[in-house]
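Colleague: turn this into a structure:
(one chain, ligands or ions: 1)
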Amino acid sequence: MSEEHGPDFAEDVDIALVEAIGEPGQRRFRLIVGLNDRTTIMWMEKQQLEALGQAIGRILDQVDVSGVASEAVAEGGMFDLDTRHQFRVGRIEIGYNHDRQRVLIVAYDIESDEDESPSLAALFPLSLAKVLSERAADVVAAGRPRCVLCGMPMGPGPHACAEQNGHLIHYT
Ligand SMILES: [Zn+2]
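Modeller: Purely as a prediction, here's the structure:
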């Protein structure tokens, strides 16, 4: 989906971090966002994080980010990890704000009702969106082999390689 303008209440993100917590096989995933000195932690399923990273990547593909450097990766110590603003992500919406050149992420608590307002509405600068997209792929792919052609993580299942115009490569 594309949304030209975010909700009026969307806040600018200062720093963000994607990480996996726990042992392989039992890992939990979270996106930590710092806005206006407030830390918000979004707990996500692996598939949600992967989809989020890919969706951001697709937005960045349509914007010229060649001159945009990835933001330095934030560290856990930069956030209030005991924050009360924590929730499990249900619905999530992503858009692009052309005027402000920011990626908009709107996330809803999985336990919220249909008509409830989102738990997070945040605008990510392109440099931060870029590193977020990259980090999401890395964190999700941890331990998975990377394709020698395109550098993206392989499997499980057949790999649609960008360097092969999306032709499937079966990894054995
Ligand atoms: Zn590939």
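Colleague: which non-adjacent residue is nearest residue 140?
Modeller: residue 50 (4.5 Å; Cβ to Cβ, 6 or more residues apart in numbering). For the C-beta atoms, the positions are set from N, CA and C on the backbone; glycine is no exception.
Colleague: secondary structure class for the one you found?
Modeller: helix (DSSP: H, G, I helix; E, B strand; the rest coil).
Colleague: show the contacting residues for it.
Modeller: Applying Cβ atoms under 8 Å, 6 or more residues apart in numbering to residue 50 gives the contacts 136-137, 140.
Colleague: can you list the strands that the longest strand belonging to the chain pairs with?
Modeller: In the chain, with assignment by DSSP state E, the single longest strand is strand 86-97. Paired neighbours of strand 86-97 in the sheet (DSSP bridges): strand 38-44 (parallel), strand 102-109 (antiparallel).
Colleague: export stretch 102-114 to PDB, keeping only CA atoms.
Modeller: Backbone C-alpha positions of stretch 102-114 (Å, rounded to 0.1, in the frame of the first residue of the first chain) are rendered in PDB as follows:
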ATOM      1  CA  ARG A 102      10.300   9.600   5.300                       C
ATOM      2  CA  VAL A 103       9.100   6.000   5.600                       C
ATOM      3  CA  LEU A 104       5.900   5.800   7.700                       C
ATOM      4  CA  ILE A 105       5.300   2.800   9.900                       C
ATOM      5  CA  VAL A 106       2.000   2.400  11.700                       C
ATOM      6  CA  ALA A 107       1.700  -0.500  14.100                       C
ATOM      7  CA  TYR A 108      -1.200  -1.800  16.100                       C
ATOM      8  CA  ASP A 109      -1.200  -3.800  19.300                       C
ATOM      9  CA  ILE A 110      -2.300  -7.400  18.500                       C
ATOM     10  CA  GLU A 111      -4.800  -7.100  21.300                       C
ATOM     11  CA  SER A 112      -6.300  -3.800  20.200                       C
ATOM     12  CA  ASP A 113      -9.800  -3.500  18.700                       C
ATOM     13  CA  GLU A 114     -10.500  -2.700  15.100                       C
END
